[in-house]
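# sequence and predicted model, in that order:
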Amino acid sequence: MKKLFVVLLSVLILLAMAGCSSGSGNDEPAKEPAQEGTKVVRIGVSQLVQHAALDAATQGFVDEVKKAFPDADITVSNASGDAANCSTIAQGFVNDGVDLIMANATPALQAAVSATGDIPILGTSVTEYGVALGIDGFNGLVGSNVSGTSDLAPLDQQAQMILDLFPETKTVGIIYCSNEANSKYQVEVVSKTLSEKGIEVKEASFTDSNDIAMVCEDLCDQVDVIYIPTDNQAASCAETIANVVLAKKVPVIAGEEGICSLCGIATLTIDYYQLGVTTGQMAVRILNGEAKIEEMPIQYFEDPVKKYNPEICDMFGVTVPEDFEPIE
């Protein structure tokens with residue numbers, strides 16, 4: 001009996017020692033191993049410049065991707081409006097071996113395309129992909145490692161908005177950055193539309209933020225109304241434009257809501273956050289292997305909205321029709 005008691009006691013002591021040695025050395029529970037098969041995707045986002053429209057598109061993209069891949073490693077890099085920086089950013093993503101590149105704005109897309117023909121590239125906030133990528137007779141499908149979403153709003157309707165709100169208009173000025181291919185495209189379409197309606201059009205281009213105030217001031221002295229397309233450099237300098245046009249009392253019709261919120265009377269605009277969401281949905285399908293990017297056509301935003309800037313409308317004494325929504 002005594003021997004049995006000694007044996008049992010020895011067993012209990014050994015079990016207690018084993019329990020102590022299995023601890024992690026602190027009070028935290030041991031971490032469970034990562035779930036087998038969990039996919040951590042790596043995405044590089046190249047954004048040309050920070051302004052309301054591009055910021056919203058990036059946020060919509062990130063939010064949508066995170067729904068499908070909560071642990072996604074998404075790096076967002078801002079090129080500060082410099083196309084050369086876009087090239088550096090794109091090459092860095094290629095060197096890092098990311099699974100997908102999202103290029104926000106035309107120069108960012110062009111840089112990504114130059115950097116890789118293998119990694120899937122999704123563009124967003126790009127007006128016309130055929131113009132951006134030099135594709136003649138573009139049919140909506142790039143057919144390579146590139147697809148994405150377009151921020152093109154009906155340009156003929158934007159041109160008509162000028163005449164509907166300011167029927168006495170005889171001369172329209174268009175201000176844009178000469179470095180942006182898709183800005184030139186919009187200018188050509190709007191100029192042609194207005195010219196066919198008997199309106200004189202004066203085009204004024206700038207190269208960077210240093211000369212936009214002077215260019216805008218000179219244009220204001222020659223025109224009745226100014227039109228600004230979805231131009232990234234103009235958007236990033238919208239406050240500078242506002243200082244000039246408000247002082248000169250020249251109304252502005254803008255190509256998108258962000259520009260209009262700072263210096264415009266009205267716009268026919270798309271929702272850039274939702275554009276980013278659509279781009280994110282495309283990314284999820286590619287990363288999940290549900291779709292091949294070379295078979296994905298460019299997606300366009302449906303149902304653009306007429307919006308107006310209440311504060312600036314009051315300054316100019318402009319009353320817009322009831323189908324316009326206020327910019328909040």
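Done, it's in.

# gap between the nearest residue in space to Val201 that is not next to it in sequence and Pro326?
Closest residue to Val201 apart from its sequence neighbours, by Cβ to Cβ, 6 or more residues apart in numbering: Ser191 at 4.6 Å. The way it works is simple: take the backbone N, C-alpha and C, and place the C-beta from them, glycine included. According to Cβ to Cβ, to the nearest Å, Ser191 stands 29 Å off from Pro326.

# what about Gln274, neighbour count?
For Gln274, the count of nearby residues is 16 (other Cβ atoms under 10 Å).

# mind checking how far it is from Pro304?
11 Å.

# pLDDT wise, what is the residue nearest to Val201 at?
For Ser191, the pLDDT comes out at 98.

# I'd guessed it sits against Lys184; true?
No - using Cβ atoms under 8 Å, Ser191 is not in contact with Lys184; the gap is 10.3 Å.

# pLDDT score for Ser209?
86.

# contact partners for it?
Going by Cβ atoms under 8 Å, 6 or more residues apart in numbering, Ser209 touches 81, 233, 236-237, 240.

# one more pass at 7 Å, please.
233, 237 (Cβ atoms under 7 Å, 6 or more residues apart in numbering).

# Met214 now?
By Cβ under 7 Å, 6+ apart, Met214 has no neighbours at all.

# any idea whether it is helix, strand or coil?
helix (DSSP: H, G, I helix; E, B strand; the rest coil).

# contact partners for the nearest residue to Ala238 once chain neighbours are set aside?
Distance criterion Cβ to Cβ, 6+ apart; nearest residue to Ala238, sequence neighbours excluded, is Leu262 at 3.9 Å. By Cβ under 7 Å, 6+ apart, Leu262 lies in contact with 238-239, 242.

# what are the C-alpha coordinates of whichever strand or helix holds Leu262, in PDB please?
According to DSSP states H and E, Leu262 maps onto helix 257-263. C-alpha atoms of helix 257-263 as PDB (Å, rounded to 0.1, in the frame of the first residue of the first chain):
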ATOM      1  CA  GLU A 257     -17.900  67.500 -58.000                       C
ATOM      2  CA  GLY A 258     -14.500  68.000 -56.300                       C
ATOM      3  CA  ILE A 259     -13.600  70.900 -58.600                       C
ATOM      4  CA  CYS A 260     -17.100  72.300 -58.500                       C
ATOM      5  CA  SER A 261     -17.200  72.300 -54.700                       C
ATOM      6  CA  LEU A 262     -14.300  74.800 -54.600                       C
ATOM      7  CA  CYS A 263     -14.700  77.000 -57.600                       C
END
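
# just to revisit the earlier point, between Ser191 and Pro326, which is the more surrounded one?
Just comparing Ser191 and Pro326: by other Cβ under 10 Å the higher neighbour count belongs to Ser191, 18 against 11.

# confirm the more buried one sits in a strand?
No - counting by three-state DSSP, Ser191 falls outside a strand, being helix.

# pretty sure it sits against Glu200.
No - counting by Cβ atoms under 7 Å, Ser191 does not reach Glu200; the two are 10.1 Å apart.

# low-confidence bits of this structure, can you list those?
1-39 (pLDDT under 70).

# mind listing the helices for it?
2-21, 52-68, 83-96, 106-115, 129-133, 155-165, 181-196, 212-220, 232-236, 238-248, 257-263, 272-287, 310-316 (DSSP state H).

# wait, Val131 sits on Asn182?
Yes - between Val131 and Asn182 there is a contact at 5.7 Å, judged by Cβ under 7 Å.

# who's more crowded, those two?
When Val131 and Asn182 are compared on other Cβ under 10 Å, the one with more neighbours turns out to be Asn182, at 26 against 18.
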